[in-house]
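**Student:** 3D, please:
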Amino acid sequence: MTGAGGGWRIVEDDLSGAAIRSLLEQHFAGMLANSPAGSCHFLDFDGLRRDDVTFWSIHCDGELAGCGALKMLDGTHGEIKSMRTHDAFLRRGVAARMLDHILTEARRRGVKRLSLETGSSPAFEPALALYRRYGFADCEPFADYKPDPFSRFMTRKL
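**Tutor:** Numbering: from 1, shown residues only. Next up, the predicted model:
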């Protein structure tokens with residue numbers, strides 16, 4: 001998929017490339033730096049390869065700009081996972097492009113509700129602001145999540 005505004009491309013990614021693996025390692029470290037390990041719910045490499053997860057990378061003019069994933073919880077409920085923007089592309093619309101892609105794909109699959117879990121510390125405020133702009137609202141824990149002061153849960157109908 002190529003987006004408007006230049007050489008943007010979103011592709012389903014098999015996680016084999018060094019650049020995407022490095023970005024995900026940075027993502028994992030960032031989650032652990034801002035929340036206790038028991039409150040981090042990111043999917044590791046094996047988790048991102050599961051059959052119920054589709055993982056995408058986003059590129060700008062051939063350079064890795066970010067990533068995101070959709071985990072199907074059931075036939076009509078999906079979860080956003082592994083949203084991350086490469087530091088070199090911060091504040092350039094990468095996350096919004098990926099979120100638009102995930103929303104479009106979720107609708108195509110018949111998802112009626114899309115949810116997410118993210119951190120609650122100030123480091124997560126930019127992500128929370130993005131999700132609010134896209135109509136996500138705070139909700140109770142869903143799926144297998146439990147209440148946790150280090151987690152924020154959000155959802156929206158599609």
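
**Student:** Please report the distance of the closest residue to Arg49 other than its chain neighbours from Met31.
**Tutor:** Spatial nearest neighbour of Arg49, excluding adjacent residues (CB to CB, 6 or more residues apart in numbering): Leu15 at 6.5 Å. The C-beta positions use only the backbone N, C-alpha and C, and glycine is treated the same way. As judged by CB to CB, to the nearest Å, Leu15 and Met31 stand 17 Å apart.

**Student:** okay, the two: which has more neighbours?
**Tutor:** The residue with more neighbours, out of Leu15 and Met31, is Met31; 20 against 14, by other CB atoms under 10 Å.

**Student:** In contact with that one, which residues are there?
**Tutor:** Cys40, Phe42, Gly119 (CB atoms under 8 Å, 6 or more residues apart in numbering).

**Student:** what's the pLDDT at Glu25?
**Tutor:** Here the pLDDT value assigned to Glu25 is 95.

**Student:** Which secondary structure state is assigned to the closest residue to Cys139 other than its chain neighbours?
**Tutor:** Distances taken as CB to CB, 6+ apart place Thr155 nearest to Cys139, at 4.3 Å, with adjacent residues excluded. With DSSP: H, G, I helix; E, B strand; the rest coil as the basis, Thr155 sits in strand.

**Student:** quick one: Thr155 and Phe142 touch, right?
**Tutor:** Yes: counting by CB atoms under 8 Å, Thr155 touches Phe142, with 6.8 Å between them.

**Student:** which residues are common contacts for these two?
**Tutor:** With CB under 8 Å, 6+ apart, Thr155 and Phe142 have common neighbours Ser115.
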